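> any chance you could fold what I've pasted below:
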Amino acid sequence: MEQTKPIPGTRPFKQQLIECRQDLKKADEQIRDFERKIDEVKKNDAKNSPKAPLLIKRKELGFLIKDLNIKKKDLFEKINQIKETYGDLATKQVETKGFISTESIEKRLREINLEMLKFPCNAQKSKSYEDEIKDLKSKKMNIENEKKKHDVLRQVQDQLKNLNSSLSQVYKELKIKNSEMAEILNSIKEIESQENTKNPVIEGYEKNIENLKIKKEEINKKIIINQDEIAKKREEHQEFLQKKAEAEAYEKRRSDILEKIKDLEIKKESLENEKDKCDASKFDSVIFYLEKKLGEKEEKITFPLDIVMSLSEFKVTIPSEKKQISSTICQLKEKKNLFLEKVEIRKEELKVEIENILENINKEKGLLSDIPVMEVKLPPFTTKSRSK
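Okay, here's the model as predicted:
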């Protein structure tokens, strides 16, 4: 992961932030220390106070009352659960009338079995026995089911009775304990009314805590100031980077245009050189020189180096005698006419190409003049801190 570069000018403010946070931590530790000392003094005062045994008793009673309330809540939940499950049956008086015994039914069933084994019976008699057996078994099952319901309901009512009894006992105990708690609280209140003067040691500690809290507020203000300065530096740096990027983009654009203009100028120069070579006047100057030489009286002739080079370039005879000059002039005129025939079209093409290049150069120069010149200044690395 690439590490973020530090923002220029933020170091002193970051250092002050570190120092401020260290001061905050130190102040918090001192506050906690004074609070611990206050608790120790209060505990010591309470231990030596006449209300100390009352406070112990109050604490014990508080636990007892809490346990009783939990027990009360548990009993209420169980009672309500029974009432929701069994409804009115849970509180309805169970009838005490006895149920028909199943022994007589079982006795009759045995008798029928013996009669069927001892005495042969026809289909009608057999059907009668079967119907009676079926009826007796049905009665027996109904009696057993009723007895089960009766037993369950009796158990539920006994359970509900025990729960209500336990709840009543809890209420009695709560009433007693709450009464005891009220007496203890009144006694504590009376003692405290006589102990209005605060321990001067505690007052000193509380004053120290108050001063430390004021100091913390001042430190927090410094933190905010330094954070604002860092944010300002970050914003300035971001603005600088943005302007720098814009300036670099403009500079690259300017450089690209200049490079393009340079290339166009080189191309234009090359075309102009080619066009210059298409100029027939180079023949005229040599012809003029030779005609002038022809009019001189001297038979012996010499030529300057540039004339010799031109004659050689035109590939004509270089006269060594005066009488050869006319022939060379004729050759030059023929060469000139041939040259004019070949280059006239090319000269027009070169003219158009050069004009197009000049137009493009002017267009690029116009674009170049439109590019703004940006002056990018570095933001000040340090700003006078207002936190000191």
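> when you work out contacts or count neighbours from here on, use the C-alpha atoms and nothing else.
OK.
> hey, which helix or strand in this structure has the poorest pLDDT?
The weakest-scoring helix or strand in the chain, judged by mean pLDDT, DSSP states H and E, is helix 102-118 (a mean of 78).
> list the buried residues in that one.
Applying a neighbour-count criterion of 16 or more other CA atoms under 10 Å, the buried positions in helix 102-118 are Ile105, Leu109.
> which residues outside that helix are in contact with it?
Ser126, Tyr129, Ile133, Leu136, Lys137, Lys140, Ile143 (CA atoms under 8 Å, 6 or more residues apart in numbering).
> immediately after that helix, which helix or strand?
Downstream of helix 102-118, the next assigned helix or strand under DSSP states H and E is helix 123-193.
> so after that next one, what's the next helix or strand?
Next along from helix 123-193, by DSSP H and E: helix 200-277.
> that older thread, distance to Ile209 for the contacts of helix 102-118 - can I get that in CSV?
Output for the contacts of helix 102-118, formatted as CSV (distance: CA to CA, whole Å):
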residue, distance to Ile209
Ser126, 105
Tyr129, 102
Ile133, 96
Leu136, 92
Lys137, 89
Lys140, 86
Ile143, 82
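> the least confident helix or strand of the chain vs helix 123-193, what angle?
The directions of helix 102-118 and helix 123-193 differ by 160 degrees, with axes from the mean of the first three to the mean of the last three CA atoms, to 10 degrees as the criterion.
> send me helix 102-118 as CSV with only the CA atoms.
Written as CSV, here are the backbone C-alpha positions of helix 102-118 (Å, rounded to 0.1, in the frame of the first residue of the first chain):
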residue,chain,number,x,y,z
THR,A,102,-64.6,-50.8,37.7
GLU,A,103,-64.4,-54.0,39.8
SER,A,104,-68.1,-54.9,39.2
ILE,A,105,-67.6,-54.4,35.5
GLU,A,106,-64.5,-56.6,35.5
LYS,A,107,-66.5,-59.3,37.5
ARG,A,108,-69.3,-59.3,35.0
LEU,A,109,-66.8,-59.6,32.1
ARG,A,110,-65.3,-62.7,33.8
GLU,A,111,-68.8,-64.2,34.3
ILE,A,112,-69.6,-63.7,30.6
ASN,A,113,-66.4,-65.5,29.6
LEU,A,114,-67.2,-68.4,31.9
GLU,A,115,-70.7,-68.7,30.6
MET,A,116,-69.5,-68.7,27.0
LEU,A,117,-67.0,-71.5,27.8
LYS,A,118,-69.4,-73.7,29.8
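> how far off centre is that helix?
For helix 102-118, the separation from the chain centroid amounts to 88 Å (computed by CA atoms, centre = their mean, to the nearest Å).
> quick one: least confident of the contacts of helix 102-118?
Within the contacts of helix 102-118, Tyr129 has the lowest pLDDT, namely 72.
> identify the residues contacting that residue.
Contacts of Tyr129 by CA under 8 Å, 6+ apart are Ile112.
> look up how far Arg108 lies from it.
11 Å (CA to CA, to the nearest Å).
> check Leu358 too.
138 Å.
> what's the burial count for His271?
In this structure residue 271 is Leu, not His. Per other CA atoms under 10 Å, the neighbour tally for Leu271 reads 19.
> ok, now Ala245?
13.
> ok, Ile38 next?
Ile38, neighbours per other CA under 10 Å, totals 19.
> next one, pLDDT for it please.
Ile38 is given a pLDDT of 92.
> residue farthest from the centroid of the protein?
Lys297 (104.6 Å; CA atoms, centre = their mean).
> that residue in helix, strand or coil?
coil (DSSP: H, G, I helix; E, B strand; the rest coil).
> state the distance from it to Ser327.
18 Å.
> ok, Ile65 next?
146 Å.
> higher neighbour count, the two?
A count of neighbours by other CA under 10 Å puts Ile65 above the other of Ile65 and Ser327, at 20 against 14.
> report the separation between the more buried one and Pro53.
Between Ile65 and Pro53 the distance is 18 Å, computed by CA to CA.
> next: Ile38.
Using CA to CA, we find Ile38 at a distance of 21 Å from Pro53.
> give me the buried subset of the contacts of helix 102-118.
Looks like the contacts of helix 102-118 have Tyr129, Ile133, Leu136, Lys140 buried, using 16+ other CA under 10 Å.
> which one is the last one nearest to, not counting chain neighbours?
Right, Lys140. Thr102 (5.9 Å; CA to CA, 6 or more residues apart in numbering).
> do the same with the second one
Nearest residue to Ile133, sequence neighbours excluded (CA to CA, 6+ apart): Leu109, at 6.5 Å.
> dump the buried ones among the contacts of helix 102-118 to CSV, plus distance to Lys73.
Below are the buried ones among the contacts of helix 102-118 laid out as CSV (distance: CA to CA, whole Å):
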residue, distance to Lys73
Tyr129, 59
Ile133, 53
Leu136, 49
Lys140, 44
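> check those residues and tell me the two furthest apart.
Tyr129 and Lys140 (16.3 Å; CA to CA).
> pLDDT score assigned to the residue farthest from the centre of the chain?
73.
> check Pro8 too.
Pro8 is assigned 84 on the pLDDT scale.
> then Leu305?
The model's pLDDT for Leu305 equals 90.
> can you list phi and psi of it for me?
In terms of degrees, to the nearest 10, the main-chain angles of Leu305 are phi -60, psi -40.
> over to Val373?
According to degrees, to the nearest 10, Val373 has phi -100, psi 110.
> likewise for Pro8?
Backbone phi and psi, for Pro8 under degrees, to the nearest 10, turn out to be phi -60, psi 140.
> which residues does Ile301 contact?
Here Ile301 is in contact with Lys293, Ser320, Glu321, Lys322 (CA under 8 Å, 6+ apart).
> and the two most separated of these?
Top of the distance list for the contacts of Ile301 (CA to CA): Lys293 and Ser320, 12.2 Å.
> mind checking which of those two has more residues around it?
Lys293 (17 against 13).
> so Lys5, which of the three states?
Lys5 is classified as coil under three-state DSSP.
> relative to Arg11, how far out is it?
Counting by CA to CA, the separation of Lys5 from Arg11 is 12 Å.
> neighbour-wise, which of these two wins?
Between Lys5 and Arg11, Arg11 has the larger neighbour count (other CA under 10 Å), namely 14 against 6.
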